[in-house]
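S.K.: Sequence and computational prediction follow.
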Amino acid sequence: MDTTEPHQRAVRAVLDAALAEGRTALTAPEGKAVTDAYGIPTPAEALAEDVDEAVALADRIGFPVALKIVSPDVLNKTDAGGVRIGLASAAEVRGAFTAIITNVKAYAPEARILGVQVQQMVPAGTEVLIGTVTDPTFGKIVAFGLGGVLVEVLKDVTFRLAPATRDDALSMLDGIRAAEVLRGVRGGAAADREALAGLVVKVSRLAADFPEIAEVDLNPVFASANGVMAADVRILLSAGAPAPRRTYTREEILVSMRRLMQPHSVAVIGASAEQGKIGNSVMRNLVDGGFPGEIHPVNTKADDILGRKAYKSVMDVPGEPDVAIFAIPAEFVPAALEEVGRKGIPNAVLIPSGFAETGEHELQDRIVAIGEEYGVRLLGPNIYGYYSTWHDLCATFCTPYDVKGGVALTSQSGGIGMAILGFARSTRTGVSAIVGLGNKSDLDEDDLLTWFGADPRTECIAMHLEDLKDGRAFVEAARATVPKKPVVVLKAGRTAAGAKAAGSHTGALAGDDAVYDDILRQAGVIRAPGLNEMLEYARALPVLPTPRGENVVIITGAGGSGVLLSDAVVDNGLSLMEIPPDLDKAFRAFIPPFGAAGNPVDITGGEPPATYEATIRLGLEDPRIDALVLGYWHTIVTPPMAFAELTARVVAEFADRGIRKPVVASLAGDVEVEEACQYLFERGVVAYPYTTEKPVAVLGAKYRWAKAAGLL
């Protein structure tokens, strides 16, 4: 039984006819048929095959009109001289028709000319662009921005996954830099937001319904208070569809990941007793790290490695290991992986390099095929291994790490992985896991997100990535995770040079950064601008309580810091509270006459600890204040540790009373402020020395997560 809707059947007939002719673009009349089927408003129009017919059609449609060439071989009509607009009389139509035909024949002598489209002139309005493209990472995405020539000059465009919801579409209208233009400026009427959002939804649905539609371009669309109308429509087709990627259900992912991250038994293929070899380093880390499960070394030439019986083949290993860790050269991996599959081991951790990242794509395809044949999930290849701290598992050839905590960290790069490790150690950040992903031949970020989202030991997830294999699967996993815990992403390849470097590093092709930026935001992910920010967000977000509202107050001992902190608040999209008169009076009771209330509250640098304490207490006590930013200035009157101890004590006292607000602090002073910051951090106050930007950036990240999670 055909359940296709009539409008879909109408479009299908148009597309099938065009594809049957081998065409990759629809003609203007075909585009009109498609847009009419989906209720996309376009001007009245008709096709004229000769000049007399053009005049008659113009008279019937009503002057003024536009004329546009109709040719399957001419995509850019303007460049071909195939467009005339604002024609107000029969004489003008005659002259324009002749000129268009002449121009196009000169521009493309072999082009097939089907006629000239006579089109109603569109009512005036703001020119915008609405379109869809097929992105290699995210599939069908919808774009919105200023239209006409402005889109090429300003590139003020925003993107969402298609099909878009009404809320997605409305967020796009506010997501461009020139959003104010649509609201009406200099006395002009605002554009009809509902009509614009509805058009975005319709166009995105059209593209999502038909995989063979590669691109839809409505540019310009004229948006006014009276509605919207697309003046020009271009629809490009693609005969081929990408090969479907193997997918797994959430339950399948969790079952496999549980055995990977919480194994009872592991086999090390390529284990070695010889120091300096990767197989020896992996074995030592497993043994010395205190892994409580079974460790089975596999080595064809050894009987005993580090006091454990060695086996010639993984087939000889007793029982059913949960994980096989590979520490052998790349060329030997396929044969060993076959044995792992026959043994029924569900996970293979592929440390060796020498696969797609060095151009050996066939070798990587071969191991992927073996993994799929036997149901073995592959982590890697080309990785440093992984750490699962709560299970005392250190399956890596890098340095060990065993500080347990709530932060899960992942990276595609081994170098970045070691930076993560060093940062965690130097800041004493407790982690639940550190995982290398390398070439991501199989397991990738969406698998890890699914696991860490469900893992009660993990409170925050931070991921360094150079590409996404399946952007939609990642978005789906992120949307399921973000309401429960923050997800921080460092996307490498923001610039053209960075994207090129990322592609050469692991065989990954980085997508367009603007698309990544918008769609990661749509998924509720916090995007970090750099490596240090990613690590600091991961470290700090679990420490900060979730804010209850938007009102941020700065309390500072230095006017200069107050100004910089205010700038940082604005830069991070936060709201400085307008201090009401009664609260202003309450703050003034604690600060000297030459201080300044308002926001920031400047208590001045010479005040004793009691003034800091009184003003912080007031900030925590008043229910209208939702978050505090503290600016400390090192003086002998109030030494750094005195400030740290009083702040931590007051914050803890209010927490015991059930009043938990995010408090961040910037400490300026001599080297003693470093110890004070560490003291505060360990007690729930996110504090940094020598910077006003970093604590506020962390607070901004917490707010972005709270909004994405629906908590604000």
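M.R.: Here it is on my side, so go on.
S.K.: Ends of stretch 518-537, what's the gap?
M.R.: End-to-end distance for stretch 518-537: 20 Å, by CA to CA, to the nearest Å.
S.K.: Report the buried residues of that stretch.
M.R.: By neighbour count on 16 or more other CB atoms under 10 Å, the buried set for stretch 518-537 is 518-528, 531, 533-537. C-beta: built from backbone N, CA, C; applies to glycine.
S.K.: Also stretch 306-319?
M.R.: Buried, per 16+ other CB under 10 Å, within stretch 306-319: Leu306, Arg308, Ala310, Tyr311, Val314, Val317.
S.K.: what's stretch 218-232 in contact with?
M.R.: The contact list for stretch 218-232 (CB atoms under 8 Å, 6 or more residues apart in numbering) reads 35, 40-43, 66, 68, 119, 122-131, 147-148, 151, 182, 189-192, 195-196, 199, 203, 217, 233-234.
S.K.: Filter the residues you listed down to just the ones in helices.
M.R.: Thr35, Val151, Leu182, Ala195, Leu196, Leu199, Val203 (DSSP state H).
S.K.: For the residues you listed, which entry has the maximal number of neighbours?
M.R.: Greatest neighbour count in these, by other CB atoms under 10 Å, goes to Val203: 29 neighbours.
S.K.: Could you check how far that one is from Ile141?
M.R.: 11 Å (CB to CB, to the nearest Å).
S.K.: Give the intersection of the neighbour lists for the two.
M.R.: By CB under 8 Å, 6+ apart, Val203 and Ile141 have these common neighbours: Thr132.
S.K.: Okay, and which of the buried residues of stretch 306-319 map to helices?
M.R.: The members of these all map outside helices under DSSP H.
S.K.: of all those residues, which comes closest to Asp567?
M.R.: Leu306 (56.4 Å; CB to CB).
S.K.: Verify the contact between the closest one and Met283 for me.
M.R.: Yes - using CB atoms under 8 Å, Leu306 is in contact with Met283, at 5.3 Å.
S.K.: which residues are common contacts for these two?
M.R.: Taking CB under 8 Å, 6+ apart as the contact rule, the neighbours common to Leu306 and Met283 are Pro297.
S.K.: ok so, going back, pLDDT and distance to Asp582 added to the buried residues of stretch 306-319, as JSON lines?
M.R.: Below are the buried residues of stretch 306-319 laid out as JSON lines (pLDDT from 0 to 100; distance: CB to CB, whole Å):
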{"residue": "Leu306", "pLDDT": "95", "distance to Asp582": "70"}
{"residue": "Arg308", "pLDDT": "95", "distance to Asp582": "72"}
{"residue": "Ala310", "pLDDT": "97", "distance to Asp582": "76"}
{"residue": "Tyr311", "pLDDT": "97", "distance to Asp582": "77"}
{"residue": "Val314", "pLDDT": "97", "distance to Asp582": "73"}
{"residue": "Val317", "pLDDT": "97", "distance to Asp582": "73"}
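S.K.: Helix, strand, or coil at Phe222?
M.R.: At Phe222 the chain is in strand, as set by DSSP: H, G, I helix; E, B strand; the rest coil.
S.K.: For it, the count of nearby residues, please.
M.R.: 22.
S.K.: residue contacts, the nearest residue to it once chain neighbours are set aside?
M.R.: Leaving aside its sequence neighbours, Phe222 sits nearest to Gly125 (CB to CB, 6 or more residues apart in numbering; 3.7 Å). Gly125 makes contacts with Ala191, Phe222, Ala223, Ser224, Asn226, Val228, Met229, as judged by CB under 8 Å, 6+ apart.
S.K.: Same question for Ala514.
M.R.: Ala514 touches Val157, Thr158, Phe159, counting by CB under 8 Å, 6+ apart.
S.K.: Using CSV, write out every CA atom in stretch 236-252.
M.R.: Below are the C-alpha coordinates for stretch 236-252, written out as CSV (Å, rounded to 0.1, in the frame of the first residue of the first chain):
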residue,chain,number,x,y,z
LEU,A,236,20.3,20.5,-7.5
LEU,A,237,20.1,16.7,-7.6
SER,A,238,22.4,13.9,-6.8
ALA,A,239,21.9,10.4,-8.3
GLY,A,240,24.0,8.6,-5.7
ALA,A,241,23.4,8.2,-2.0
PRO,A,242,26.1,7.6,0.6
ALA,A,243,26.6,4.0,1.7
PRO,A,244,24.7,3.3,4.9
ARG,A,245,26.9,3.1,8.0
ARG,A,246,26.4,0.2,10.3
THR,A,247,24.5,1.4,13.4
TYR,A,248,23.9,-0.1,16.8
THR,A,249,21.1,0.3,19.2
ARG,A,250,21.6,2.0,22.5
GLU,A,251,21.4,-1.3,24.3
GLU,A,252,23.9,-2.9,22.1
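S.K.: what pLDDT, on average, does it get?
M.R.: For stretch 236-252, mean pLDDT is 84.
S.K.: In it, which residues are buried?
M.R.: Residues of stretch 236-252 classed as buried: Leu236, Leu237, Tyr248 (neighbour count, 16+ other CB under 10 Å).
S.K.: Which member of the residues you listed is positioned nearest Ile100?
M.R.: Taking these together and measuring to Ile100 by CB to CB, the closest member is Leu236, at 22.3 Å.
S.K.: doesn't the closest one fall inside a helix?
M.R.: No - judged by three-state DSSP, Leu236 forms no part of a helix; its state is strand.
S.K.: Any regions of the stretch 501-650 of the chain where pLDDT drops low?
M.R.: By pLDDT under 70, the low-scoring segments of the stretch 501-650 of the chain are 501-511.
S.K.: which residue ranges form the helices in it?
M.R.: 513-522, 531-540, 559-571, 581-588, 609-621, 640-656 (DSSP state H, counting those that start in this stretch).
S.K.: Out of those helices, indicate the one that is most buried.
M.R.: With neighbours taken as mean count of other CB atoms under 10 Å, those reach their highest mean count in helix 531-540, at a mean of 23.
S.K.: what are the ranges of the helices in the stretch 251-400 of the chain?
M.R.: Counting by DSSP H, counting those that start in this stretch, residue ranges of the helices within the stretch 251-400 of the chain are 278-288, 333-343, 361-374.
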